[in-house]
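K.L.:
heads up, no residue letters with this:
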């Protein structure tokens, strides 16, 4: 493994600072943005569903080669998640 150079480290430091600025921007904002609370709940629900769906190995790795069998595996896994 190569030893990181100072330019690489400075670039990573710059990226980390940019990332931190993006997260801290709402705290320093003078006017608040409108937020759709129901839309956020829906988005959270969908993201959690996909996280649960990816726990099934055949779906996460796309084990089936045909689209039809892959979609049927998604249907089966989704119905199991819905029942649980």
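P.N.:
Great, that's in hand. Remember, predicted model here, so these are calculated numbers, not experimental data. Numbers count the residues shown, from 1 in each chain.

K.L.:
what's next to stretch 41-60, contact-wise?
P.N.:
Residues from elsewhere that reach stretch 41-60, judged by Cβ atoms under 8 Å, 6 or more residues apart in numbering: 63-64, 70, 73-74, 77-78, 81. (Each C-beta comes from the backbone N, C-alpha and C, glycine too.)

K.L.:
Tabulate these (TSV), appending distance to residue 50.
P.N.:
Shown next, in TSV, are these (distance: Cβ to Cβ, whole Å):
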residue	distance to residue 50
63	17
64	18
70	15
73	15
74	11
77	11
78	10
81	10
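
K.L.:
Select only the buried ones of those in PyMOL?
P.N.:
Of the contacts of stretch 41-60, the buried ones can be selected in PyMOL as follows, counting by 16 or more other Cβ atoms under 10 Å:
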select buried, resi 73+77
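
K.L.:
Now render the contacts of stretch 41-60 as a markdown table, adding distance to residue 47, secondary structure and pLDDT.
P.N.:
Compiled in a markdown table, the contacts of stretch 41-60 are given as follows (distance: Cβ to Cβ, whole Å; DSSP: H, G, I helix; E, B strand; the rest coil; pLDDT from 0 to 100):
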| residue | distance to residue 47 | secondary structure | pLDDT |
| --- | --- | --- | --- |
| 63 | 23 | coil | 83 |
| 64 | 24 | coil | 82 |
| 70 | 21 | helix | 85 |
| 73 | 20 | helix | 87 |
| 74 | 16 | helix | 87 |
| 77 | 16 | helix | 89 |
| 78 | 15 | helix | 88 |
| 81 | 13 | helix | 87 |
